[in-house]
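> just a sequence and a predicted model for now, questions to come.
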Amino acid sequence: MILADVQEEIDCLYEFVPEVAEHFIVLNKIGEGTFSSVFLARLKLYPDVEEKFALKHIIPTSHPSRIEGELKCLQEIGGCDNVMGVELCLRNRDHVVIVMPYFKHEKFQDYVMNLSRLEVKNYMKNLLLSLRRVHQFDIIHRDVKPSNFLYNRQTNQYALVDFGLAHKAPGESKQNSGDIQSKKSCDSWSNKPYTPPTPNMDSISFTKNVKSPRRYLLAKRALMVKDKDVPSRPRNTSTSAVMMSNNPYTCQCAGQPMICSICTGRSNQAAPRAGTPGFRSPEVLMKYPDQTTAVDIWSAGVIFLSLLSGRYPFFRANDDLTALAQIISIMGSEEVKTAAKSFGKSLICNPSTPPLHLRTLCHKLRTAAPSRSTKYRRIDISQNKENLKDWENISDQAFSLLFRLLDLNPKTRITAEEALKHPFFDSASES
């Protein structure tokens, strides 16, 4: 039985793209995202064919380059190594429908607590196989999460879907320049406190970045602070003291739990932050501009953390700062601060938080009763008890791989190719 509002959407789809009505009978709506809706359909002219299809209707407001990028990924990358392919694409004016094979699957929250150690190993191996395939084309998927990595437990099949946010990784030269710049920044921080650069009000680049007249005036007023408003410093003949005294308008909030008017007058740093909350890596949350395929590996690590702990979603945050605070509570404040410095960011954490032992954490969460807020459905209690006994003997190699996937430093984070060679996937070793 199709709901009335769903039937209305199906009728609109027929109207927007008449070719859909010519070739398909839409059976139901099976998914919805920020940029699209997905419908289940079968062939209209060949009723004897049992194969079903997933019709992804992309909203008209999507940029053409985003749609082109998704289609290229499906055509060039899809069709092997658990990456979803494309069968057909239909377009009418600004409405686009991507036709893909329908992949029957279960919801992650329905099986996460019932998986055996072997099933978890196979799940992660197939996830990394699909990421290796995508990363071989220098593509960042950018939205790796359980609902985009479909799993059919009966047939033991997998499919990585939804390339709506995927894009090319930055070039090698750009990464190298970023490494050099971040290294210089780290060296300078090790010798003296970090002081953000003061913008030049007369520069053309500043006036272009600060587009709002009101913001420009606020920034100008902040930089025209009188000498009496600037805290006086004792006289010193050292070079650093002379340099500081010659620049009375240097930012005063560095290292302090506050933001001064000079910093608020600066333009924001542009960096990709697309993705799903709870699966964004630390470099995404801290707006590191030169992001690589390592952001997908972090997301895979978060999925692995859910599989080992039996908790989904593991991280739950509505904003980037809360998400970063949750990562700090697990990985430790000093560890996150060190990683932040490696890609040119200064992070202040107060109070200091020690890291948690991942094995102990996962064991406690898996053996604890599921909370009411946890999205579990149809959990087999008897099967769950058997799995708890099975999980008591999990090897240290699993947590060794988890630690590498959740490496806070994107430059040293393990790649999909390297992860597949990890001893955790050795057939001779236990899970």
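Received it, and whenever you're ready, just let me know what you need.

> show me where this structure has strands.
For the chain, strands defined by DSSP state E occupy the ranges 24-32, 36-43, 52-58, 88-92, 95-101, 139-140, 149-152, 157-160, 167-168.

> so what's the residue count around the residue nearest to Val161 when sequence neighbours are not counted?
Excluding its sequence neighbours, the residue lying closest to Val161 (C-beta to C-beta, 6 or more residues apart in numbering) is Met84, at 4.5 Å. C-beta here means a position set from N, CA and C on the backbone, and glycine is covered the same way. Using other C-beta atoms under 10 Å, Met84 has 22 other residues around it.

> and the one 5 residues further on, by the same measure?
Around Cys89 sit 16 other residues, with neighbours defined as other C-beta under 10 Å.

> look up the residues forming beta bridges with it.
Ile98 (DSSP bridges).

> so who does it touch?
Shown in contact with Cys89 (C-beta atoms under 8 Å, 6 or more residues apart in numbering): 71, 96-99.

> got a pLDDT number for it?
We have a pLDDT of 97 for Cys89.

> with Trp391 instead?
Predicted confidence (pLDDT) at Trp391: the value is 83.

> contact partners for the nearest residue to it once chain neighbours are set aside?
In space, and not counting its chain neighbours, Trp391 is closest to Arg366: 6.0 Å by C-beta to C-beta, 6+ apart. Counting by C-beta under 8 Å, 6+ apart, Arg366 touches 113, 308-311, 388, 391.

> Asn152 versus Arg366, what's the distance?
Using C-beta to C-beta, to the nearest Å, one obtains 24 Å as the distance from Arg366 to Asn152.

> ditto for Glu87
From Glu87 to Asn152 the distance is 19 Å (C-beta to C-beta).

> now swap in Lys104 and tell me
6 Å.

> then Glu283?
With distances taken as C-beta to C-beta, Glu283 is found 33 Å from Asn152.

> the two - which one has more neighbours?
Using other C-beta under 10 Å as the criterion, Glu283 and Asn152 rank with Glu283 on top: 27 against 13.

> can you count the residues close to the residue lying closest to the more buried one once chain neighbours are set aside?
Nearest residue to Glu283, sequence neighbours excluded (C-beta to C-beta, 6+ apart): Pro410, at 5.0 Å. Neighbours of Pro410 under the rule other C-beta under 10 Å: 22.

> residues contacting Pro410?
Counting by C-beta under 8 Å, 6+ apart, Pro410 makes contact with 281-283, 288, 291-292, 294-295, 298, 343.

> with His422 instead?
His422 makes contact with 397, 400-401, 404, 414, according to C-beta under 8 Å, 6+ apart.

> with His141 instead?
Here His141 is in contact with 131, 134, 148, 160, 163, 165-166, 296 (C-beta under 8 Å, 6+ apart).
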